[in-house]
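*Asks:* Give me a model of this one.
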Amino acid sequence: MFSFSTAQKVIFGTGSVSQIAEEVRRIGGKKLVVLTDPGIVKLGLDVKLTAHLDKKGLEYGVWSNVEPEPTVDCCRQAVDFVKRGGYDSVVGFGGGSSLDVAKAAAILLTNKGSLTDYLGKPESIPNLPAKLILCPTTAGTGSEVSNAAVFVVPEEKMKYVLYSSYLYPNVVILDPDLTKTMPPKITAQTGIDALCHAIEGYVSLNSSPLTEMFSEKAIKLISDNLRVAYANGSDTKARENMLLASYLAGLSFGNAGTVLGHAVGYAYGFELHIPHGLSIGITMPYVLEYNATADLEKHVKIASLLGENVEGLPLRDAAFKAAEAFKKLLLEIDFPISIKEVGAKEDMIPTLAENVFKSVSHVARNPRRITKDDMVGLFKKAIEGRLTSEN
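*Replies:* The predicted structure follows:
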């Protein structure tokens, strides 16, 4: 038995942002707020959206203070702005951080209390959210079609997740043209983030035939297009395929959930103040190596989709090629392959290993049972930047 949920409506294609006003009116929005970040405004991307709102005479406001890896306090500030303005509809425009803040704002417009009242409690939100439209400008988070939003709780030095079926938006607009301004570094980080979503959704204990289908397509698209998008950001086809892959990966992990890769990324990402896509990506080869024995067939498939020739290899040997293939991809897009490169030190390993278990749901969905000793070993490999097969 399995279930599957996603956004009510998805519009994909170059120029699709022009349909924003029509969609707001279709779902009954009267006064909308656009939540975005300073980088979007600096690039002038916000105008690509608001110009269509102006043209159709819609009443709207813009709050552009979403921060990377948003904190609970950042969300509170956004919600205060939305409530003071009397808005009835929310548009998230930007990267995953903006989309996550928009999701939470839509929830808190119609429900009492604060964000912390609902973190990690999917059944605790009593009322339907405000009307919600999400329009990503990066190809990586898949947040636009997931039922989750991630926030930092600084006093606990951890990230926590807001889960609810209410987080699926009314409308998603996927316009590849909006992603062309991403510099190579962000293209790499968001692309790897999407790949991790696809892989983790694929191996999750909550996977289903539907999520597996979406994961396989996403992994293949990223394998075939991330290098091109990184090397030549103006390549329209590569940008289209990366945005499609991010969307498909979102459909997968939005239903199956992510696993150990995210638990490990959260465990050290906050400690070192590094972006989400970077933290998840650096350690994924070591996570793939760790999980391979729990599902050899799926890891063989991952290796093959990533371009490895596994024909004629023993099943176990072929499965471990997934970790090697992922690491090769990281090297080709100038990605770190060791957490030492982003500031991790060996004396941090025991704490990082313990931090993994704070991500209770991720650990529970992982195909291989996790122990602290195993996590100490995994982080040692990640510090050294070497897989077992390379020793």
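*Asks:* show me the contacts for residue 91.
*Replies:* Residues in contact with residue 91 (C-beta atoms under 8 Å, 6 or more residues apart in numbering) are 20, 24, 32-35, 49, 60, 102, 132-135. The C-beta positions use only the backbone N, C-alpha and C, and glycine is treated the same way.
*Asks:* Quick check: what element follows the helix or strand harbouring it along the chain?
*Replies:* Here residue 91 is covered by strand 89-94, with elements defined by DSSP states H and E. Next along the chain after strand 89-94, taking DSSP H and E as the criterion, comes helix 96-110.
*Asks:* what's the next secondary structure element after that following helix?
*Replies:* Sequence-wise, the next helix or strand downstream of helix 96-110 (DSSP H and E) is strand 131-136.
*Asks:* which residue sits farthest out from the middle of the protein?
*Replies:* residue 312 (34.9 Å; C-alpha atoms, centre = their mean).
*Asks:* gap between the lowest-mean-pLDDT helix or strand in the chain and the chain center?
*Replies:* Counting by mean pLDDT, DSSP states H and E, the weakest-scoring helix or strand in the chain turns out to be strand 158-163, with a mean of 82. A distance of 13 Å separates the centroid of the chain from that of strand 158-163, by C-alpha atoms, centre = their mean, to the nearest Å.
*Asks:* quick one: contacts of that strand?
*Replies:* Strand 158-163 is contacted from outside by 69, 100, 103-104, 107, 115, 118-122, 147-153, 266, 269-270, 355, 358, 361, using C-beta under 8 Å, 6+ apart.
*Asks:* who's in contact with the residue positioned nearest the centre of the chain?
*Replies:* Computing the C-alpha centroid of the chain and ranking residues by C-alpha atoms, centre = their mean puts residue 141 first, at 2.7 Å. Contact analysis of residue 141 by C-beta under 8 Å, 6+ apart lists 95-96, 99, 190, 193-194, 197, 246, 250, 276.
*Asks:* show me what contacts the closest residue to residue 346 other than its chain neighbours?
*Replies:* The shortest distance from residue 346 to any non-neighbouring residue, by C-beta to C-beta, 6 or more residues apart in numbering, is to residue 383 (5.9 Å). Residues near residue 383 by C-beta under 8 Å, 6+ apart: 338-340, 344-346, 349.
*Asks:* what's the helix or strand for residue 383?
*Replies:* Residue 383 belongs to helix 372-384 when assigned by DSSP H and E.
*Asks:* on that earlier part again, of the contacts of residue 141, which is the most crowded?
*Replies:* In terms of neighbours by other C-beta atoms under 10 Å, those top out with residue 197 at 34 neighbours.
*Asks:* Roughly how far does that one sit from residue 32?
*Replies:* 28 Å (C-beta to C-beta, to the nearest Å).
*Asks:* Kindly report the same for residue 102.
*Replies:* Distance from residue 102 to residue 32, by C-beta to C-beta: 11 Å.
*Asks:* repeat for residue 275
*Replies:* Noted for residue 275: a distance of 29 Å to residue 32, by C-beta to C-beta.
*Asks:* Likewise for residue 43?
*Replies:* The value you get for residue 43 to residue 32, if C-beta to C-beta is used, is 21 Å.
*Asks:* Buried residues, the helix ranked longest in the chain. List them.
*Replies:* Using DSSP state H to define each element, the chain has its longest helix at helix 209-231. Within helix 209-231, the residues that count as buried by 16 or more other C-beta atoms under 10 Å are 211-212, 214-230.
*Asks:* Likewise for stretch 42-59?
*Replies:* Neighbour-count burial for stretch 42-59, counted by 16+ other C-beta under 10 Å, picks out 45-46, 48-50, 52-53, 58.
*Asks:* Render the CA-only coordinates of stretch 27-41 in PDB, please.
*Replies:* Output in PDB follows, covering the C-alpha atoms of stretch 27-41 (Å, rounded to 0.1, in the frame of the first residue of the first chain):
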ATOM      1  CA  ILE A  27      -7.600  30.300  -7.100                       C
ATOM      2  CA  GLY A  28      -9.400  33.300  -5.600                       C
ATOM      3  CA  GLY A  29      -6.500  35.500  -4.500                       C
ATOM      4  CA  LYS A  30      -7.300  39.100  -4.000                       C
ATOM      5  CA  LYS A  31      -4.200  40.600  -2.400                       C
ATOM      6  CA  LEU A  32      -1.000  38.700  -2.600                       C
ATOM      7  CA  VAL A  33       2.500  39.000  -1.000                       C
ATOM      8  CA  VAL A  34       5.700  37.900  -2.800                       C
ATOM      9  CA  LEU A  35       8.300  36.500  -0.500                       C
ATOM     10  CA  THR A  36      11.800  36.500  -1.900                       C
ATOM     11  CA  ASP A  37      15.400  37.200  -1.000                       C
ATOM     12  CA  PRO A  38      17.800  40.200  -1.600                       C
ATOM     13  CA  GLY A  39      19.700  38.400  -4.300                       C
ATOM     14  CA  ILE A  40      16.700  38.000  -6.400                       C
ATOM     15  CA  VAL A  41      16.000  41.800  -6.100                       C
END
